[in-house]
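Undergrad: Here's a sequence, model it:
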Amino acid sequence: MDYIYLSDLFSNVIELKGKDIKLKGWIKNHRKQKEFGFIYFSDGTCFKQLQLVYDKELKNFEEIQKIKIGSAIEVIGELIESQGGGQEYELKVKELKLHGDCTDDYPIQPKQHSMEFLREQSYLRLRTNTFQAVFRIRSVASMAIHEFFQSRGFIYAHTPIFTASDCEGAGEMFRVTTQDLNKIVKTGKVENEKEYFGKPVGLTVSGQFEGEAFAQAFSKIYTFGPTFRADPSHTPLHIAEFWQIEPEVAFCDLEGIMDISEDFMKFIIKYTLDRCPDEFKFLDKFVENGLIEKLIKVISNKFVRATYKECIEILQKADIKFQFKPEYGEDLAKEHERYITDYFKCPVFITYWPQKVKKCFYMKQMDDGTVANADLEMPGIGETYGMSQREDDFDKLDKYITELGMDKSEYIWYMNLRKYGTTTHSGFGMGFERLIMYMTGMTNIRDVIAFPRTPGNCLY
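TA: A predicted model of the protein is given here:
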């Protein structure tokens, strides 16, 4: 008899009812009685679990009673309508065999564990209901990203992991070297000419620049892959390795990229809500009450577009006292972002920031000292991702790179894109984990990526 997956079972319960089936998976809970027992069973192929019911008529009844939570088993039984509450169907066990035993010190027991404890057990927390929901949603949302762009004719571009240019100009790259680290420590010197690539190279902080090159050939492209920031921050919003979604679109201005990004956000949320109803119901009950309602509001409402100047004026007129006084020419604090989204009661694009606040050299410079950019602020989480129209004027780009003291030789190819048939073009960059946080209600970015890399932590 071939075994089937729970996902197939729950999709075909009518056809399978009354039939013998074989399953393989793990014990989530085991309640033992003198004459019978109940096993809550999962194989990870769907969020639902199946109750297995066995009694002392089984020849190995005593052995089954000794099987521990977390063990891997193989079971054959008849799918029947449940005799008790809590589930519609259950499996009446006819045969049960142990595949992989579990020791008494198994840390994931059927009780509530703190997030801090589960982070210490990252390789096992995937077996808990919360993380089963989170990572199934993450998987479906990944597919949604490709579906959105592919259905709209975007080219999927694979951009490099090794790079010699720091896209953000912030010096937060992880340095890569093939030289003897012990020798470097002793001499305090790195011989760049002896590097594998013949010069200093690091792990990419963004695929934007290569994406722009693609866009000048294919009109509309996207990247979706890992990026790295050597940022020492210990906040719940920062990790060293994360995934980023970055579309780049030729013949597109700031208004156009905001249209795309709003459609994108709504599509990803709806796509995932439609395909993960059980996961969202669980998270709504146990992680963030009102989560589903919040996400439906995002889908249903038009996003507001307000300039940075307008937002500063709103903040300055607010009848509350902020910890940090809102001033024109200063960045917005988290408390300011929260107030703005509460004020408009929906997601908000904050547009046209002063250039001295948004110092990214690639943003389109406007005559009034602002840049053609926008940050999308989401209720409850604040800044989710940023976007901009890219500077297409070679001379302006050249001048600003010089002013910032950047090594122009590393960016000459990027500048040359402005010489060879340039276009008005725009793009955005979204940290995938920030999106998953918003969609699942999780409050720490370490809980939406399986094996988080943070300062002082690189387990597994």
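Undergrad: What ranges does the stretch 51-200 of the chain have for its strands?
TA: With DSSP state E, counting those that start in this stretch as the criterion, the stretch 51-200 of the chain has strands at 72-81, 89-100, 155-156, 162-163, 175-176.
Undergrad: wait, which of those strands is closest to His425?
TA: strand 155-156 (14.2 Å; CB to CB). In this view, the C-beta of every residue, glycine as well, is placed from N, C-alpha and C.
Undergrad: partners of that closest one in the sheet?
TA: strand 220-228 (parallel) (DSSP bridges).
Undergrad: Kindly export the partner strand (C-alpha atoms) in CSV.
TA: Listed next in CSV are the C-alpha coordinates belonging to strand 220-228 (Å, rounded to 0.1, in the frame of the first residue of the first chain):
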residue,chain,number,x,y,z
LYS,A,220,10.7,45.7,-16.6
ILE,A,221,12.5,43.2,-14.4
TYR,A,222,12.6,42.0,-10.8
THR,A,223,15.1,40.3,-8.5
PHE,A,224,14.3,38.2,-5.4
GLY,A,225,17.1,36.8,-3.5
PRO,A,226,19.4,37.0,-0.4
THR,A,227,21.1,40.3,0.6
PHE,A,228,23.5,41.1,3.5
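Undergrad: which one of the strands of the stretch 51-200 of the chain lies closest to Arg125?
TA: Here strand 72-81 is closest among the strands of the stretch 51-200 of the chain (CB to CB), at 17.7 Å.
Undergrad: Now do that closest one, average pLDDT.
TA: For strand 72-81, mean pLDDT is 97.
Undergrad: Next: stretch 300-309.
TA: On average, stretch 300-309 scores 96.
Undergrad: end-to-end on stretch 340-356?
TA: Using CA to CA, to the nearest Å, the end-to-end distance of stretch 340-356 comes to 21 Å.
Undergrad: How far off centre is it?
TA: A distance of 22 Å separates the C-alpha centroid of stretch 340-356 from that of its chain, computed with CA atoms, centre = their mean, to the nearest Å.
Undergrad: pLDDT value on the closest residue to Arg125 other than its chain neighbours, please?
TA: Computed as CB to CB, 6 or more residues apart in numbering, the closest residue to Arg125 that is not its neighbour in sequence is Leu118, at 4.1 Å. Note for Leu118: predicted pLDDT of 93.
Undergrad: for the helix or strand bottoming out on mean pLDDT in the chain, packing partners?
TA: Sorting the helices and strands of the chain by mean pLDDT, DSSP states H and E puts helix 181-187 at the bottom, at a mean of 86. Using 3 or more CB pairs under 8 Å, 6 or more residues apart in numbering; DSSP states H and E, no helix or strand is in contact with helix 181-187.
Undergrad: how many other residues sit next to the residue nearest to Arg125?
TA: Other residues lying near Leu118 total 19 when counted by other CB atoms under 10 Å.
Undergrad: Same question for Gly329.
TA: With other CB under 10 Å as criterion, Gly329 counts 11.
Undergrad: Next, the residue nearest to the spatial centre of the chain: secondary structure please.
TA: The centroid of the chain falls nearest to Glu433 when counting by CA atoms, centre = their mean (2.4 Å). Following DSSP: H, G, I helix; E, B strand; the rest coil, Glu433 is assigned to helix.
Undergrad: quick one: it from Thr454, how far?
TA: 12 Å (CB to CB, to the nearest Å).
Undergrad: who touches both of the two?
TA: Ile239 (CB atoms under 8 Å, 6 or more residues apart in numbering).
Undergrad: residues of the least confident helix or strand of the chain that come out buried?
TA: Under the neighbour-count criterion of 16 or more other CB atoms under 10 Å, helix 181-187 has nothing buried.
Undergrad: pLDDT below threshold where in this structure?
TA: Within the chain, the ranges that satisfy pLDDT under 70 run 167-171.
Undergrad: returning to that earlier point: got a list of contacts for the least confident helix or strand of the chain?
TA: Here helix 181-187 makes contact (CB under 8 Å, 6+ apart) with Thr177, Val190.
Undergrad: packing partners for the next helix-or-strand element following it?
TA: Sequence order places strand 201-203 as the next helix or strand after helix 181-187, per DSSP states H and E. On a contact count with 3+ CB pairs under 8 Å, 6+ apart, strand 201-203 meets strand 162-163, strand 175-176, strand 220-228.
Undergrad: The first one: partners in the sheet, and parallel or antiparallel?
TA: Using DSSP bridges, the neighbouring strands of strand 162-163 in the sheet come out as strand 201-203 (antiparallel).
Undergrad: For my notes, confirm Gly329 occurs in a strand.
TA: No. In this structure, Gly329 is coil, not part of a strand, as judged by three-state DSSP.
Undergrad: got a list of what Gln83 touches?
TA: Gln83 touches Val53, Glu90, counting by CB under 8 Å, 6+ apart.
Undergrad: rerun that using 10 Å as the cut-off
TA: Gln51, Val53, Glu90, Lys92 (CB atoms under 10 Å, 6 or more residues apart in numbering).
Undergrad: and those residues as CSV, adding distance to His234?
TA: Compiled in CSV, the contacts of Gln83 are given as follows (distance: CB to CB, whole Å):
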residue, distance to His234
Gln51, 42
Val53, 48
Glu90, 46
Lys92, 52
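Undergrad: Can you say which of those residues are buried?
TA: Gln51, Val53, Glu90.
Undergrad: Please produce a markdown table containing those residues, extended by distance to Leu254.
TA: As requested, the buried ones among the contacts of Gln83 are exported to a markdown table (distance: CB to CB, whole Å):
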| residue | distance to Leu254 |
| --- | --- |
| Gln51 | 55 |
| Val53 | 61 |
| Glu90 | 56 |
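Undergrad: Closest one of those to Leu404?
TA: Gln51 (62.9 Å).
Undergrad: Please name the residues that touch the closest one.
TA: 29, 31, 38-41, 82-84, 86-87, 89-91.
Undergrad: measure it to Glu35 for me?
TA: Distance from Gln51 to Glu35, by CB to CB: 17 Å.
Undergrad: Could you double-check that Glu62 lies in contact with Lys56?
TA: Yes. Using CB atoms under 10 Å, Glu62 is in contact with Lys56, at 8.6 Å.
Undergrad: okay, those two: which has more neighbours?
TA: Shown here are Glu62 and Lys56; by other CB under 10 Å, Lys56 has more neighbours (14 against 9).
Undergrad: Report the spatially nearest residue to the more buried one, omitting neighbours in sequence.
TA: Per CB to CB, 6+ apart, closest to Lys56 is Glu35, 5.4 Å.
Undergrad: Helices of the stretch 301-450 of the chain, start to end?
TA: 308-316, 334-344, 394-403, 412-416, 432-440 (DSSP state H, counting those that start in this stretch).
Undergrad: Quick check: buried residues in the longest one?
TA: Same thing as helix 334-344. Quick answer for helix 334-344 (16+ other CB under 10 Å): His336, Glu337, Arg338, Tyr339, Ile340, Thr341, Phe344.
Undergrad: What number of residues are in the vicinity of the residue lying closest to Gly25 once chain neighbours are set aside?
TA: Spatial nearest neighbour of Gly25, excluding adjacent residues (CB to CB, 6+ apart): Asp43 at 3.2 Å. Look at Asp43: counted by other CB under 10 Å, it has 18 neighbours.
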